[in-house]
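Engineer: sequence first, then the predicted structure, then my questions.
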Amino acid sequence: MIEKLKQMVEVIAWLDSGRWSEENQNASTLWEPVSSLSPSESILVHWLTYITDIQRPWQYVWRVGEKVFVEIVRAFSKHEFYASENVDQTQQEVVKLIDTYRGKQEPKKVRPFRFEKIEYRPRFPNQHIFIDRTLTILAHSFNRDFMKFVGESIKRHNGKDNGLKNVALDLYFLTYSDCPMEETLRFFENSMPYPALDNFGHKRLWAALRDYRKSKKYLQLFRDGLKDAMGQDAGEQLFRMWMAKEAFSLHLLELPGDVWNIQFLQRAVIPLAERCNINIKKAWSPSRIAREIYDAIGSQAFYPEQLDVSWDLSAKACENELCDLCPFGECDLQKICLKDLSVAKDKYCPIVLATCQYRLICNPEKCPISNGKGIGLCTEIT
């Protein structure tokens with residue numbers, strides 16, 4: 001039975017290669033860098049936008065919210081903050097600046113961000129707190145430069161077994177922690193260990209960090225931002241550390257844990273894992289479940305974050321009951337799969353395109369789906 005689970009994650013890894021293929025990324029209009037911003041400013045816009053990407057349509061978040069954050073970051077980067085050892089004073093300055101981009105507080109509504117005629121209202125009030133905290137720490141200790149913060153973090157954790165997770169922890173304390181900012185800065189500046197945390201997972205943190213490690217669009221900005229913040233040679237060296245397979249391995253990325261991830265795990269992955277005697281507890285988060293499965297099967301051909309393809313697979317295939325097209329359902333390869341390399345050359349895989357809407361150039365020789373792997377697994381367990 002463990003072999004069937006390995007087949008499932010092999011197909012998931014294949015779908016993920018379609019998600020991050022050059023053809024698929026080139027076709028995406030989800031987010032485009034703003035030419036008038038520096039690379040570090042563009043990455044900061046992306047980070048702030050992701051903070052608010054919860055329980056809102058992605059079109060609203062990334063096509064309305066992002067425009068407001070562009071202006072906030074532009075103003076933040078130009079503002080000369082009063083040099084003070086008191087982080088609370090810096091916070092007052094930051095809030096005063098950002099308040100010029102906030103609308104009035106209305107009863108029982110989250111306060112909106114505004115720029116000219118654009119209004120963007122986050123889902124939760126604490127997202128304002130996260131944004132204020134992030135910009136305060138950057139203004140106080142990192143010259144308003146997000147990539148300086150990230151560069152220092154990479155430098156701190158290079159060579160450690162869990163370097164990428166430690167960078168994620170730094171980012172958590174930058175934005176999402178309720179630890180006092182003065183204390184947070186002492187931890188960071190003195191390379192002191194943070195307080196022990198059972199779980200610092202935050203799905204938008206891991207989603208953003210994933211983009212900075214896998215997306216070609218963000219990677220170029222990430223690289224240029226490190227060079228601008230840390231110097232050309234030092235920045236290039238830090239980027240090479242970041243892309244190395246040891247301390248910052250992709251296998252350390254966690255599954256963000258969206259509602260679609262949960263549905264797919266419950267429908268297809270958990271039942272199969274339990275048949276393999278992998279004990280999955282109901283209280284576990286999706287990221288914990290994905291990590292547990294990864295550890296149990298010991299496959300280097302797959303890593304937990306790749307299960308995020310279920311964000312598309314569940315929403316497009318499962319929700320629309322496309323079982324006859326799904327690589328884990330009753331997929332009839334004879335009717336769908338191109339198989340023949342002479343026919344498939346330079347064409348998109350129809351199965352991946354239909355179920356996930358990813359543009360992946362067909363490669364029958366390497367494709368696990370064309371070899372029948374994964375077919376019927378979902379049907380078999382339901």
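Structural biologist: Structure's in. What do you need? Residues are numbered from 1 along each chain as shown.
Engineer: going by C-alpha atoms from here, please, whenever you check contacts or count neighbours.
Structural biologist: Fine.
Engineer: next SSE after the strand or helix carrying residue 342?
Structural biologist: Using DSSP states H and E, residue 342 sits within helix 341-344. Using DSSP H and E, the helix or strand that follows helix 341-344 towards the C-terminus is helix 350-356.
Engineer: chain neighbours aside, what residue packs nearest to the spatially most central residue of the chain?
Structural biologist: Among the residues of the chain, the one closest to the centroid is residue 207, at 1.3 Å (C-alpha atoms, centre = their mean). Once flanking residues are discounted, residue 207 sits nearest to residue 256: 5.8 Å by C-alpha to C-alpha, 6 or more residues apart in numbering.
Engineer: tell me the confidence at that neighbour?
Structural biologist: If you check residue 256, the pLDDT there is 87.
Engineer: just checking, it touches residue 204?
Structural biologist: Yes. Using C-alpha atoms under 8 Å, residue 256 is in contact with residue 204, at 6.7 Å.
Engineer: what about those two, which has more around it?
Structural biologist: Taking neighbours as other C-alpha atoms under 10 Å, residue 256 and residue 204 compare with residue 256 leading, 25 against 19.
Engineer: residue 86 - how many residues pack around it?
Structural biologist: For residue 86, the count of nearby residues is 10 (other C-alpha under 10 Å).
Engineer: ok, residue 163 - contacts?
Structural biologist: Counting by C-alpha atoms under 8 Å, 6 or more residues apart in numbering, residue 163 touches 154, 157, 247-248.
Engineer: do a quick rundown of the strands in the chain.
Structural biologist: In the chain, the strands defined using DSSP state E lie at 113-115, 118-120.
Engineer: which other helices and strands contact the first one?
Structural biologist: In this case it means strand 113-115. helix 66-78, strand 118-120 (3 or more C-alpha pairs under 8 Å, 6 or more residues apart in numbering; DSSP states H and E).
Engineer: which residues sit against the last one?
Structural biologist: Pointing back at strand 118-120 there. 64-65, 68, 112-114.
Engineer: try stretch 11-22
Structural biologist: 24-25, 214-216, 301-303, 306-307, 309, 327, 352, 358-360, 367-369, 373-374.
Engineer: and for the protein, the residue most distant from the center?
Structural biologist: Largest centre distance within the chain, by C-alpha atoms, centre = their mean: residue 342, 36.7 Å.
Engineer: quick one: which of the contacts of stretch 11-22 sit in helices?
Structural biologist: Counting by DSSP state H, the part of those found in helices is 24-25, 214, 216, 352.
Engineer: show me which of those residues are buried.
Structural biologist: Neighbour counting with 16 or more other C-alpha atoms under 10 Å marks 24-25, 216, 352 as buried within the ones in helices among the contacts of stretch 11-22.
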